[in-house]
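**Q** Starting from these lines, generate the structure:
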Amino acid sequence: MSHVLFITRKLRGKGGMQQYTQDLLVAFQEITGGNTVLLGPRRLLQYPSFPLLALWRGVRAARRGYRVHLGDMALSPLAVAIKFFVPGAKITATAFGLDVLRTLPFYQWMLRWSLLSLDRVICISHATADAVHARGVLREKIVIIPCGIWMGTEECVRKGRRGEPRLLTVGRLVPRKGVAWFLSEVLPLLLQEYPRLHYTVVGTGPQEKLIKKIVREKGLEDAVTLAGAVSDKCRNQLFVESDCFVVPNVPREADMEGFGIVCIEASSRGVPVVAARLEGLTEAVQEGGTGLFFRTGDAKECVRCIRSMLTQPPDPLSVARSTREHYSWPQLLPRLRDALFS
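**A** Predicted coordinates for the structure are as follows:
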């Protein structure tokens, strides 16, 4: 039975990378029959010593025949260091997007130097794969496996719409998420057609003050709920109570959406998605099946897509079934197994 040492920095906090890390650990345990060891800093005080600990444990595991998997591109120098001590070590890594695009000159030099030591890079989208390839990794070393979801039998699917239309956005409040743009340019147009429409935003981040200011200045207090950080249970309940999940991302230099895991978290519960046609989002939504795309920055087209979802909503069971068929981890496990061990 093969063994894996999974080294990650993302054990703390909430976000797409943290969620993917948790899901990937379960996937590795499934593939290896429980023979996966997780290594990562669980407390802030462990961060300074973590690189040396990771190197020591990585060398030790490689000498015992373990595959070593690195949780993101910032850990790629470990591949060089481990192979210095164990030249035959088998080392793979996950690339998300932001971990590839960081603009610091030293970081980019480090990536180009260290990525070549990886036996395989698992990218969560074609957009991420293109960024990795641009930094010198051969296409034959790149495998594209999207983010996945683990769905329990208890997970519920939304029912048909009743009452006032409800829109939802979940994500960190940073510029690329486009929430400020949506509130300024799109929501006022929607309210002209749907005066009782309500928009809920879940998340916190550096644009929180700006977003609150826009809500006040546009007089949107009755139409918008800024929920802040919520529990997973509350977030999942908001999913099934919503008529449309909105992902209004805008392009930002040296920033990108590697995939958009919240899109499949929403559509797996039967909630159709309206998303900007941008970067990795294009692989998180099946156009016409689980949602629709609009040109990023085009407010009128965004309104048309949301109107379509509200007036002719797709069958929630069909949306959920399609998502689970394409993005459930049991469907992705064979591809992941090949990427690790072939």
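**Q** helices and strands around the strand or helix carrying Ile82, which ones?
**A** Assigned by DSSP states H and E, Ile82 belongs to helix 77-85. If you count contacts as 3 or more C-beta pairs under 8 Å, 6 or more residues apart in numbering; DSSP states H and E, helix 77-85 packs onto helix 50-63, strand 67-70, strand 90-95, helix 105-114. The way it works is simple: take the backbone N, C-alpha and C, and place the C-beta from them, glycine included.
**Q** Would you mind giving those as TSV with mean pLDDT, distance to Arg12 and mean neighbour count added?
**A** Output for the helices and strands packed on helix 77-85, formatted as TSV (pLDDT from 0 to 100; distance: least, C-beta to C-beta, whole Å; neighbours: other C-beta atoms under 10 Å):
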stretch	mean pLDDT	distance to Arg12	mean neighbour count
helix 50-63	96	12	17
strand 67-70	97	17	26
strand 90-95	97	17	24
helix 105-114	94	21	14
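**Q** any low-confidence regions in this protein?
**A** Across the chain, the ranges flagged by pLDDT under 70 are 1, 152-156, 158-162.
**Q** all strands of it, in order?
**A** Assigned by DSSP state E, the strands in the chain fall at 4-7, 36-39, 67-70, 90-95, 120-123, 142-144, 166-170, 198-202, 224-228, 244-247, 273-276, 291-294.
**Q** Which of the ones you listed sits closest to Ser318?
**A** Smallest distance to Ser318 across the strands of the chain (C-beta to C-beta): 12.0 Å, for strand 291-294.
**Q** domains for the protein, by residue range?
**A** Split into domains by automatic domain parsing, the chain comes to 4-144, 166-325.
**Q** Turn those domains into CSV, including distance to Arg335.
**A** Putting the domains of the chain into CSV (distance: least, C-beta to C-beta, whole Å) gives the following:
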stretch, distance to Arg335
domain 4-144, 7
domain 166-325, 14
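**Q** For Asp338, find the nearest of those domains.
**A** That would be domain 4-144 among those, by C-beta to C-beta, at 7.8 Å.
**Q** what about the closest one, how long is it end to end?
**A** 20 Å (C-alpha to C-alpha, to the nearest Å).
**Q** what about Asp298, distance to Arg304?
**A** 9 Å (C-beta to C-beta, to the nearest Å).
**Q** Could you do Arg172 as well?
**A** In terms of C-beta to C-beta, Arg172 sits 27 Å off from Arg304.
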